[in-house]
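# Quick one, structure for this:
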Amino acid sequence: MVSKTREKLIDVARQLFVKNGIENTTMNDIANASDKGRRTIYTYFKNKRDIYNAVIERESERLVTNLREIAISQRTPTEKLRLFLEHRLALMSDNRQDTLRSFFTFEYKRIGRVRRLAEAKVNEILGLITAEGISDGSFDKEQAERLSPLISAVLHGVYTMQLHDNADDHHGDEQSSNRDIINFIIKGIKYQNHVY
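All right, here's what the predicted structure looks like:
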């Protein structure tokens, strides 16, 4: 069972890291802001790095929670893959203005760490969806095995492109583009009864 006190300490630490920066936040600051004593903090965390790692884990988990729900749903593998891709693309759009960037303002190594941790979890979830599709004959095995690195590269490219565009001016184009990307990927992975 997850401790409410531990969760509160993680929340408070995250808020202080956003407001003051990680280096400028002390364990005393976290204790004072959470109305807990330093002893209480050290019951749950060895040091600031330990609480920072818990915040990183929480942020990465937040990014993949909905994807896990999609993977275990009762939908077909194709429906799961479509929802998975829609969610990933929507999440990228949200992250352009979202807390992940404000969380580590100008601390790109830390943003990268959250993303790498989340990406490993995302790839695991995608693997479950594609394995199910291969198993039931929906997905071509060879194409499905290419999917994970391909999606990472495509989504990274889309994200980079969107960062350079003003999302408000191109919102309709972005939705259409996302739909085209999803349809292209799904058509490419679907099992075909012929050799290319």
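
# okay, CA-based contacts and neighbour counts for the rest of this
Noted.

# what's the burial count for residue 53?
Residues lying near residue 53 (other CA atoms under 10 Å) number 15.

# elements contacting the helix or strand hosting residue 181?
Taking DSSP states H and E as the criterion, residue 181 maps to helix 171-189. With contacts defined as 3 or more CA pairs under 8 Å, 6 or more residues apart in numbering; DSSP states H and E, helix 171-189 has these neighbours: helix 77-97, helix 141-164.

# Which of the ones you listed sits closest to residue 178?
Counting by CA to CA, residue 178 lies closest to helix 77-97 out of these; the figure is 6.9 Å.

# how about that closest one as PDB, C-alpha atoms only?
This file holds the C-alpha atoms of helix 77-97, laid out as PDB (Å, rounded to 0.1, in the frame of the first residue of the first chain):
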ATOM      1  CA  PRO A  77      -5.200  -4.900 -31.300                       C
ATOM      2  CA  THR A  78      -5.900  -2.500 -34.200                       C
ATOM      3  CA  GLU A  79      -8.200  -0.400 -32.100                       C
ATOM      4  CA  LYS A  80      -5.600  -0.500 -29.200                       C
ATOM      5  CA  LEU A  81      -2.900   0.600 -31.600                       C
ATOM      6  CA  ARG A  82      -5.000   3.500 -33.000                       C
ATOM      7  CA  LEU A  83      -5.800   4.700 -29.500                       C
ATOM      8  CA  PHE A  84      -2.200   4.300 -28.400                       C
ATOM      9  CA  LEU A  85      -1.000   6.500 -31.300                       C
ATOM     10  CA  GLU A  86      -3.700   9.100 -30.800                       C
ATOM     11  CA  HIS A  87      -2.800   9.300 -27.100                       C
ATOM     12  CA  ARG A  88       0.900   9.600 -27.800                       C
ATOM     13  CA  LEU A  89       0.300  12.400 -30.400                       C
ATOM     14  CA  ALA A  90      -2.100  14.200 -28.100                       C
ATOM     15  CA  LEU A  91       0.400  13.900 -25.200                       C
ATOM     16  CA  MET A  92       3.100  15.500 -27.300                       C
ATOM     17  CA  SER A  93       0.900  18.400 -28.100                       C
ATOM     18  CA  ASP A  94       0.100  18.900 -24.400                       C
ATOM     19  CA  ASN A  95       3.700  18.600 -23.400                       C
ATOM     20  CA  ARG A  96       4.600  21.600 -25.600                       C
ATOM     21  CA  GLN A  97       2.900  23.900 -23.000                       C
END
